[in-house]
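**Q** Sequence and computational prediction follow.
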Amino acid sequence: MNTMERFCMNNTHGEPAKTADRTGRWAKTLMIGGLIALTGCNQFGPNPGSGSSLSMGAGPPVTGPSLQTATPSIAQASATSGATAGAPATADGSVIQASSPNPGTTAIPASTVIPASATTPTTGQTGHAGNVDSGVGFGQPQPYVSRQYPTTPGAVPVPAPMPGNTVDTYGSPFGSPMGGDVLNAPPPAPMMPPIRDADLIVNGYPARTGRIMFGGAVNSDAGVTGQITIDERNFDITRFPTSWSDLIGGTAFRGAGQTLRIEAVPGSQFQRYTASFGDPNLFGYLPISMNVSGFLYDRRFDDWDEERLGGRLSFGYRITPDLSISLGISGQNVDVTNPRVLGIPQLDNALGDNELYSGQIALVHDTRDSPIQAGEGHYFEFSFEEVFGDYDYSRFETEFRQYWLLAQRADGSGRQTLSYSTQIGISGEETPIFENFFAGGYATMRGFDFRGASPSIAGVEVGGRFQWLNAIEYMFPITADDAFRGVAFVDFGTVEQDIEINKDNFRVAPGVGLRVAIPMMGPAPLAFDFAFPVAKADTDDERTFSFYMSLIR
């Protein structure tokens with residue numbers, strides 16, 4: 001009796017298999033994948049536990065005890081529920097699992113091979129698992145539903161088992177390596193790759209948040225001024241120094257993201273001294289900003305001298321990145337002295353100390369790409385102020401600026417922009433002379449002297465309660481590096497004592513100008529403008545040339 005006949009003997013009665021089609025199935029199986037496999041018998045004999053060996057083609061014989069001792073995981077994997085079976089091995093040591101046609105069990109195709117080198121997933125290594133038959137007879141399509149798990153390259157996906165069946169779970173994250181698990185219960189979560197901890201070293205360097213700036217400016221409106229500024233953008237008002245090292249090392253009063261700015265601007269005609277403290281998040285966590293400031297302002301006008309001393313408290317809330325709202329209260333004392341001409345009622349009533357208190361609400365929408373030299377976007381501000389004290393009145397102001405980018409080079413330089421700006425202001429009847437609107441100068445209406453485009457009485461510029469100022473400007477590059485730019489503009493508008501527009505007082509001044517950008521002198525360019533009024537009031541003071549130059553280091 002040859003080897004195949006001995007293997008197919010029933011291990012109970014020793015009767016050989018009689019059907020020819022079983023022999024045909026054996027022959028087909030021998031040709032699949034170059035593997036030698038046997039099928040068609042309910043049981044394999046002899047019993048591996050007896051110590052008998054079974055020789056299957058090339059390779060050394062594999063005994064039952066060797067399967068259980070040398071490779072226990074493979075021996076466990078070869079056992080299936082409902083049958084005691086041995087598992088022959090191939091030449092490379094892989095175990096061949098045979099199918100069992102017994103009802104209620106799951107047959108494993110003979111072509112399924114589990115490498116002998118596979119280990120259980122619980123050891124931390126990836127196990128290889130073959131396809132599992134769902135119980136359909138041999139030779140029929142096998143309905144597999146594959147489920148992927150982390151495996152080594154070339155590993156076979158573990159199939160999803162069918163409910164109610166029992167299978168050998170060797171190589172699968174589910175169940176015990178002894179097999180025979182009931183699969184109608186929800187499987188546990190798939191085994192994930194082991195997590196390794198690693199130290200991460202980040203080298204950080206603190207950015208410069210504080211600076212001391214020295215500068216100066218000269219312009220056609222305020223004469224010559226100097227500037228000294230201390231600015232800290234990471235201030236902490238509660239972090240008092242505990243030692244001299246805190247002061248020397250710069251750790252005192254720093255670290256909370258608050259702002260502190262102290263500025264002194266002395267000048268020949270104008271002086272300003274301010275100190276402000278700001279917190280971007282009130283109490284450290286609220287999305288509301290707070291700002292407290294105090295100021296001393298002194299200005300020598302042509303018709304009187306004016307000194308202001310006061311303070312302001314404001315709260316802001318950013319609705320969107322471009323839209324913000326603020327509420328504020330302020331109080332100040334305004335001292336008006338040295339009038340050039342007496343007998344002007346508006347000026348005589350304001351001489352001496354004047355106390356003003358006010359509450360203000362403001363809404364700002366800003367989409368400009370730069371606050372200094374904008375090329376596109378817009379800026380809109382609306383404010384309403386209620387003033388009380390020695391004078392009671394209301395004040396409304398709005399400002400709108402729109403910028404259009406007409407052309408630019410591929411690298412973003414050489415911008416040509418068109419802009420339009422307008423300002424409207426209305427103030428109440430009790431508005432004092434020092435709070436009136438004025439126009440004239442490079443900042444309001446070019447072509448006129450500082451405050452020279454304002455209502456006047458007996459040569460005294462008294463201003464008015466209504467203003468409407470506009471400007472249209474076209475800016476273009478002159479040099480390739482944008483260091484020199486040219487501008488063409490038209491300023492027009494009016495300031496009236498009453499809320500009206502009088503055509504006899506309407507001003508129009510077209511002109512041209514030059515902008516010179518010198519980075520070492522600061523972000524603001526030097527400005528030189530020539531304007532020529534073509535419409536004006538009879539009492540206006542003209543000035544063709546206006547300029548502004550500054551240096552900040």
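**A** Yep, that arrived. Numbering: from 1, shown residues only.
**Q** The stretch 201-350 of the chain: strands as residue ranges?
**A** Using DSSP state E, counting those that start in this stretch, the strands of the stretch 201-350 of the chain run over residues 210-219, 223-235, 258-265, 270-279, 288-300, 305-318, 323-337.
**Q** Compare those strands and report which one is nearest to Phe484.
**A** Phe484 lies closest to strand 210-219 among the strands of the stretch 201-350 of the chain, at 19.7 Å (C-beta to C-beta). Quick note: C-beta positions are derived from backbone N, CA and C, even for glycine.
**Q** Show residues contacting that closest one.
**A** With C-beta atoms under 8 Å, 6 or more residues apart in numbering as the test, strand 210-219 has contacts from 224-234, 250, 254, 442, 522, 546-553.
**Q** Any chance of a PyMOL selection covering the buried ones in these?
**A** Per 16 or more other C-beta atoms under 10 Å, the buried members of the contacts of strand 210-219 correspond to this PyMOL selection:
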select buried, resi 225+227+229+231+232+233+234+254+442+522+546+547+548+549+550+551
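**Q** Can you show me the CA trace of stretch 392-412 as PDB?
**A** Extracted C-alpha coordinates of stretch 392-412, given in PDB (Å, rounded to 0.1, in the frame of the first residue of the first chain):
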ATOM      1  CA  ASP A 392     -23.000 119.700  27.000                       C
ATOM      2  CA  TYR A 393     -23.200 118.500  23.400                       C
ATOM      3  CA  SER A 394     -23.200 115.500  21.100                       C
ATOM      4  CA  ARG A 395     -20.600 114.700  18.500                       C
ATOM      5  CA  PHE A 396     -20.800 112.300  15.500                       C
ATOM      6  CA  GLU A 397     -17.800 111.500  13.200                       C
ATOM      7  CA  THR A 398     -17.300 108.900  10.400                       C
ATOM      8  CA  GLU A 399     -14.400 108.200   8.200                       C
ATOM      9  CA  PHE A 400     -14.100 106.000   5.100                       C
ATOM     10  CA  ARG A 401     -11.100 105.100   3.000                       C
ATOM     11  CA  GLN A 402     -11.100 102.800   0.000                       C
ATOM     12  CA  TYR A 403      -8.000 101.500  -1.900                       C
ATOM     13  CA  TRP A 404      -8.000  99.900  -5.300                       C
ATOM     14  CA  LEU A 405      -4.900  98.000  -6.700                       C
ATOM     15  CA  LEU A 406      -4.800  98.900 -10.400                       C
ATOM     16  CA  ALA A 407      -1.600  97.100 -11.400                       C
ATOM     17  CA  GLN A 408       1.600  95.500 -10.000                       C
ATOM     18  CA  ARG A 409       4.600  93.500 -11.100                       C
ATOM     19  CA  ALA A 410       4.700  89.700 -10.800                       C
ATOM     20  CA  ASP A 411       6.700  89.900  -7.600                       C
ATOM     21  CA  GLY A 412       4.200  92.300  -6.000                       C
END
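**Q** returning to that earlier point: could you provide the strands of the stretch 201-350 of the chain in CSV, with additional columns for mean pLDDT and distance to Ile501?
**A** Output for those, formatted as CSV (pLDDT from 0 to 100; distance: least, C-beta to C-beta, whole Å):
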stretch, mean pLDDT, distance to Ile501
strand 210-219, 91, 29
strand 223-235, 92, 33
strand 258-265, 94, 35
strand 270-279, 95, 31
strand 288-300, 95, 29
strand 305-318, 96, 28
strand 323-337, 97, 29
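**Q** wait, which of these is closest to Tyr379?
**A** strand 323-337 (11.8 Å).
**Q** partners of the closest one, with directions?
**A** Here strand 323-337 has these sheet partners by DSSP bridges: strand 305-318 (antiparallel), strand 352-366 (antiparallel).
**Q** Would you format those strands as TSV with distance to Thr494 and mean neighbour count included?
**A** Supplementary listing: the strands paired with strand 323-337 in TSV, determined by distance: least, C-beta to C-beta, whole Å; neighbours: other C-beta atoms under 10 Å:
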stretch	distance to Thr494	mean neighbour count
strand 305-318	24	16
strand 352-366	24	15
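**Q** Output those strands in a markdown table; the columns should cover distance to Arg272.
**A** Converted to a markdown table, those look like this (distance: least, C-beta to C-beta, whole Å):
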| stretch | distance to Arg272 |
| --- | --- |
| strand 305-318 | 9 |
| strand 352-366 | 18 |
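**Q** So which of those strands is nearest Ala410?
**A** When the strands paired with strand 323-337 are compared by C-beta to C-beta, strand 352-366 sits nearest Ala410, at 27.6 Å.
**Q** Can you spell out the domain ranges of the protein, please?
**A** Domain segmentation of the chain under automatic domain parsing yields 1-188, 355-552.
**Q** Can you flag the weakest of those domains by average pLDDT?
**A** Lowest mean pLDDT within the domains of the chain: domain 1-188, a mean of 43.
**Q** wait, Asn470 sits on Ile424?
**A** No: with contact defined as C-beta atoms under 8 Å, Asn470 does not reach Ile424; the gap is 9.6 Å.
**Q** Could I get the contacting residues of Arg301?
**A** Arg isn't right for residue 301; it's Phe. The contact partners of Phe301, by C-beta under 8 Å, 6+ apart, come to Arg451.
**Q** Please determine how far it is located from Leu347.
**A** 11 Å (C-beta to C-beta, to the nearest Å).
**Q** can you list the residues that contact stretch 253-262?
**A** Outside stretch 253-262, the residues that touch it by C-beta under 8 Å, 6+ apart are 209-210, 229-241, 274-281, 284.
**Q** Tell me how many other residues crowd the residue lying closest to Ile501 once chain neighbours are set aside.
**A** Among residues not flanking Ile501 along the chain, Thr494 sits closest, at 6.0 Å (C-beta to C-beta, 6 or more residues apart in numbering). Thr494: 27 surrounding residues under other C-beta atoms under 10 Å.
**Q** Leu313 and Leu327 touch, don't they?
**A** No: using C-beta under 8 Å, Leu313 and Leu327 do not qualify as a contacting pair, with a distance of 9.4 Å.
**Q** so Phe448 bridges to which residues?
**A** Glu542.
**Q** In contact with it, which residues?
**A** For Phe448, the contacting residues are 439-441, 507, 509, 533, 536, 540-543, by C-beta under 8 Å, 6+ apart.
**Q** Of all pairs in the residues you listed, which one spans the longest distance?
**A** Going by C-beta to C-beta, the pair spanning those furthest: Gly441 and Lys536, at 14.3 Å.
**Q** next one: phi and psi at Asn502?
**A** Torsion angles at Asn502 (phi, psi; degrees, to the nearest 10) stand at phi -100, psi 120.
**Q** from memory it sits against Val495, does it?
**A** No: contact criterion C-beta under 8 Å: Asn502 and Val495 do not qualify, at 10.2 Å.
**Q** Neighbour count for these two, which is higher?
**A** Under the criterion of other C-beta under 10 Å, the comparison of Asn502 against Val495 puts Val495 first, with 27 against 12.
**Q** Distance check, the more buried one against Phe240.
**A** Using C-beta to C-beta, one obtains 50 Å as the distance from Val495 to Phe240.
**Q** got it, and Pro477?
**A** From Pro477 to Phe240 the distance is 52 Å (C-beta to C-beta).
**Q** now Thr259
**A** Using C-beta to C-beta, Thr259 is found at 18 Å from Phe240.
**Q** One more: Arg395?
**A** 41 Å.
**Q** List the ones among the contacts of Phe448 that fall in strands.
**A** Taking DSSP state E, the ones among the contacts of Phe448 that sit in strands are 507, 509.
**Q** just the buried members of the contacts of Phe448?
**A** Taking 16+ other C-beta under 10 Å as the criterion, what is buried in these is 439-441, 507, 509, 533, 536, 540-541, 543.
**Q** Distance to Ile433 added to these, as a markdown table?
**A** Formatted as a markdown table, the buried ones among the contacts of Phe448 follow (distance: C-beta to C-beta, whole Å):
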| residue | distance to Ile433 |
| --- | --- |
| Ala439 | 15 |
| Gly440 | 16 |
| Gly441 | 18 |
| Arg507 | 21 |
| Ala509 | 25 |
| Pro533 | 25 |
| Lys536 | 22 |
| Asp540 | 18 |
| Asp541 | 18 |
| Arg543 | 23 |
